[in-house]
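S.K.: Structural data only, the sequence is not supplied:
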């Protein structure tokens, strides 16, 4: 699998960390008696066992990797209320075309003429409405790592448009390469499609 090696590395780092420190830095509760972290990820609860990093639930490998990398964060930085596009992330311009093709354009195609479906999909991921575009939501991917998704509906002059935005503090938790995966996975989840890694 594509993410095998990165996941193994993330689990090795996770196993070397103090669980109470992980809880303090990530906002993810640790149940010492059970030896598990209770991670809320895109609106769903997952149990991650410590120190082996195994998930109690079925989850795509790329999602598992995002959770493990988040749990390995070295510092706590709360969201600042500043949104940036993928293009503005370090190294973002190098991967922007595939990010648009795999993450953003399919959202515009799916929801550009169906605002109600977009609202429903975002709310199912614990989305909270924010002011942007015709309709936009803050999506809490992980406790201190929100994303935003915005939609502009099709009209007589312009085709539908969408965007996935990142909180400026996201980079304290995940590198650009991982935020790329996270943003595309958000797009798949909103569209109700099985994640295709690549």
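M.R.: That came through, no problem. Everything numeric in this text was worked out from a predicted model, so none of it was measured. Numbering: from 1, shown residues only.
S.K.: which residues touch residue 17?
M.R.: Counting by Cβ atoms under 8 Å, 6 or more residues apart in numbering, residue 17 touches 71, 72. Backbone N, C-alpha and C define where each C-beta goes, glycine included.
S.K.: Pull out the buried residues from the lengthiest helix in the chain.
M.R.: Criterion DSSP state H: the longest helix present in the chain is helix 176-191. Buried residues in helix 176-191, counted by 16 or more other Cβ atoms under 10 Å: 176, 178-191.
S.K.: Confirm for me that residue 84 is in contact with residue 163.
M.R.: No. Contact criterion Cβ atoms under 8 Å: residue 84 and residue 163 do not qualify, at 10.9 Å.
S.K.: quick one: the residue of the chain most remote from its centre and residue 132, what's the gap?
M.R.: Distance to the chain centre peaks in the chain at residue 156, reaching 32.9 Å (criterion: Cα atoms, centre = their mean). Counting by Cβ to Cβ, to the nearest Å, the gap from residue 156 to residue 132 is 22 Å.
S.K.: cool, residue 21 as well?
M.R.: Residue 21 is 35 Å from residue 132, where distance means Cβ to Cβ.
S.K.: Could you do residue 93 as well?
M.R.: 22 Å.
S.K.: And the two? Which one has more around it.
M.R.: residue 132 (17 against 11; other Cβ atoms under 10 Å).
S.K.: Just read off the phi/psi values of the nearest residue to that one once chain neighbours are set aside.
M.R.: With Cβ to Cβ, 6 or more residues apart in numbering as the criterion, residue 132 has its nearest non-adjacent residue at 4.4 Å, and that residue is residue 150. Backbone geometry at residue 150, expressed as degrees, to the nearest 10, gives phi -130, psi 150.
S.K.: Residue 150 against residue 135, yeah?
M.R.: Yes. With contact defined as Cβ under 8 Å, residue 150 reaches residue 135; the gap is 7.4 Å.
S.K.: Mind splitting the protein into its structural domains?
M.R.: As given by automatic domain parsing, the domain ranges for the chain are 4-71, 83-191.
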